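Peer 1: Sharing a sequence plus its predicted fold:
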Amino acid sequence: MFVALDDTDSREGMCTTFLLTEIIRRSKLDVIGFPQLVRLNPAIEYKTRGNGALVVNLAKGKGTQTVIGNFDGREIRSYAEVSEEPSVDELIGLSRDAVMEFSELEDPDTNPGIVISRSRFPQGLYWESVQGEVSIDHAENFVIENGGIFIKVKSGRGIIGAAAAISWPMLSTTYELLVYRYPKPERIEASLKESIARWCDTIPGTFNNFDPHNRYAAIFPKERTPVVFGVRGVEYEPILEAVPEMLKSSPIAHERYLIFSTNQGSDDHIIHNSEKFMENCSYEVTGYVEGIPRIIEGSHYFIRFRTKSGSIDLAAFEPTKEFRELFRNLKPNDELRVFGTYRKGTLNVEKMEVISVSQIFVRSSPVCGSCGNVMESRGHMDYRCRNCREKETLPRYRLKERSLIPGKYDVPIIARRHISRPYELENIARKARTLNRVTL
Ligand code: ATP
């Protein structure tokens, strides 16, 4: 039986992933496959942080077993198959109780939704929710049409994310192991955070652990929720081997951990080959630079960009840090493939391929044909050689060397969205099986 939920947390606390662990703990059922953390449209205004929704398949399991977590010393096992489905009423009761107990209900923007279904939903709602905006009514009708049950608390907006999570077709999957301490983790020194995040970089196939340029330990959340840290990777085995071992010997206080399969790093939010731009949707667009970069207060960079659907602005905001350096070096007619979210006529760039750079010529005085000296300008179309008094009318044009090199450029780890697929993920996946781990 699939149990999905969303919109239980606020900026002040809680995390829907933790609430899901609580439902698993209370149910005493087995997890079938992996619990799933499904990121939806990252530009949606209702989101608290990373627009994540959760789903788990709970039943009595059979077949191949994998230990996917540990709650206060009790192993959490995932099974390949269902041997016996639980009662729907029991699951409704226990998920509702957990949501009512743990959600940040006093926050006006927290509107929990629970969806329960015997089977997965068709993928339509997932694509609508990851690439666009969906209404509560639409999600409600979708759940009813597909034989599911929903529970709405307050406006119940969370049923959009919950239903979309059951619709995720898992075309591109990565993993994240999350470590928890309820209600909040202890404060961790910056130097310890850095050394743990750097160590995680040695686990094969992991990504977005540590940003060396900005000295940012990305595995630790910015805000204080029950999440202590989370390690993302393209394979689950290396993470499940390394992190629990590290936790045994580390000074980090924790109570439980659980690994999720996720659509993080999938780029599923990106709409390809679109003829038009819609507000709060994300696109892949190719085109040519027009004009030169503009900088506004706050050190945000903008540049005009010509696409086949008209001209738009590209933006690299201050949080993208050194990525703005690329914008500084763009020149008219550079050909780019950009990925980002469209808002108010501007595409906020999250990665960019420089397909080709335009040729720029600089004008200079000609060289004397007799002695090879650089001639002197005496005015319009009048060049003279000081040595041999030779005359020349035409200047010389020289190809300027460009500092911008064609290639693929990611924003730094500190500025990455969960769902965006960094170009470097291809290399990370390739190297995953060849890296050697070192001990902390
Ligand atoms: P966290 O990542 O910390 O769990 P969050 O960023 O996921 O928080 P929520 O508090 O869950 O934010 O709020 C997101 C809300 O937006 C949910 O109610 C969800 O159902 C809704 N939502 C998600 N995607 C869409 C969409 N495409 N259209 C409309 N509503 C959406």
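Peer 2: Structure's in. What do you need?
Peer 1: Quick check: residues of the protein near the ligand?
Peer 2: 6-7, 9, 15-16, 40-41, 44, 46-52, 111, 129, 133-134, 157-158, 160-161 (CB under 6 Å from any ligand atom). (C-beta placed from N, C-alpha, C; glycine too.)
Peer 1: For the longest helix seen in the chain, name the packing helices and strands.
Peer 2: Ranked by residue count under DSSP state H, the longest helix found in the chain is helix 88-102. Where contact means 3 or more CB pairs under 8 Å, 6 or more residues apart in numbering; DSSP states H and E, helix 88-102 is packed against strand 2-6, helix 16-27, strand 113-117, strand 149-152.
Peer 1: how about the CA coordinates for the lowest-mean-pLDDT helix or strand in the chain, as PDB?
Peer 2: Taking mean pLDDT, DSSP states H and E as the measure, the chain has helix 425-431 as its least confident helix or strand, at a mean of 85. C-alpha atoms of helix 425-431 as PDB (Å, rounded to 0.1, in the frame of the first residue of the first chain):
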ATOM      1  CA  LEU A 425      27.200  13.900 -12.600                       C
ATOM      2  CA  GLU A 426      28.100  12.000 -15.800                       C
ATOM      3  CA  ASN A 427      31.800  11.800 -14.700                       C
ATOM      4  CA  ILE A 428      30.900  11.000 -11.100                       C
ATOM      5  CA  ALA A 429      28.700   8.100 -12.300                       C
ATOM      6  CA  ARG A 430      31.500   6.800 -14.600                       C
ATOM      7  CA  LYS A 431      34.100   6.900 -11.800                       C
END
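Peer 1: What residues of that helix count as buried?
Peer 2: Neighbour-count burial for helix 425-431, counted by 16 or more other CB atoms under 10 Å, picks out 425, 428-429.
Peer 1: And the helices in the stretch 51-200 of the chain, which stretches?
Peer 2: Secondary structure of the stretch 51-200 of the chain (DSSP state H, counting those that start in this stretch): helices at 88-102, 124-131, 136-145, 158-166, 190-200.
Peer 1: With Pro319 as the reference, name the closest of these.
Peer 2: Pro319 lies closest, by CB to CB, to one member of the helices of the stretch 51-200 of the chain: helix 190-200, at 18.6 Å.
Peer 1: Report the mean per-residue pLDDT for that closest one.
Peer 2: Average pLDDT, helix 190-200: 97.
Peer 1: helices or strands up against that helix?
Peer 2: strand 210-211, strand 216-217, strand 227-233, helix 237-249.
Peer 1: ok, residues contacting it?
Peer 2: With CB atoms under 8 Å, 6 or more residues apart in numbering as the test, helix 190-200 has contacts from 206, 209-210, 215, 217-220, 229, 231, 242-243, 246, 250-252, 438, 440.
Peer 1: Over to stretch 293-304?
Peer 2: For stretch 293-304, the surrounding residues in contact (CB under 8 Å, 6+ apart) are 289-292, 311-318, 324, 327-328, 330, 346.
Peer 1: could you redo the last one with a cut-off of 6 Å?
Peer 2: By CB atoms under 6 Å, 6 or more residues apart in numbering, the residues outside stretch 293-304 that reach it are 289-291, 311, 313-318, 324, 327-328, 330.
Peer 1: Using the record, which stretches count as separate domains in this structure?
Peer 2: As recorded under automatic domain parsing, the domains making up the chain are 2-262, 270-358+402-418, 361-399.
Peer 1: and of the helices and strands packed on helix 88-102, who's closest to Arg389?
Peer 2: Arg389 lies closest to helix 16-27 among the helices and strands packed on helix 88-102, at 81.7 Å (CB to CB).
Peer 1: How about exporting the closest one as CSV, limited to the C-alpha atoms?
Peer 2: The C-alpha coordinates for helix 16-27 follow below in CSV (Å, rounded to 0.1, in the frame of the first residue of the first chain):
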residue,chain,number,x,y,z
THR,A,16,8.3,15.7,5.7
THR,A,17,11.0,13.1,5.2
PHE,A,18,11.3,12.7,9.0
LEU,A,19,7.5,12.4,9.3
LEU,A,20,7.6,9.6,6.8
THR,A,21,10.2,7.7,8.9
GLU,A,22,7.8,8.1,11.9
ILE,A,23,5.0,6.5,9.8
ILE,A,24,7.3,3.6,8.9
ARG,A,25,8.4,3.3,12.6
ARG,A,26,4.8,3.2,13.9
SER,A,27,3.5,0.9,11.2
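Peer 1: Quick check: next helix or strand after that helix?
Peer 2: strand 30-39 (DSSP states H and E).
Peer 1: What count of nearby residues applies to Thr8?
Peer 2: 28 (other CB atoms under 10 Å).
Peer 1: Enumerate every residue touching it.
Peer 2: 14, 16, 19, 99, 103, 112.
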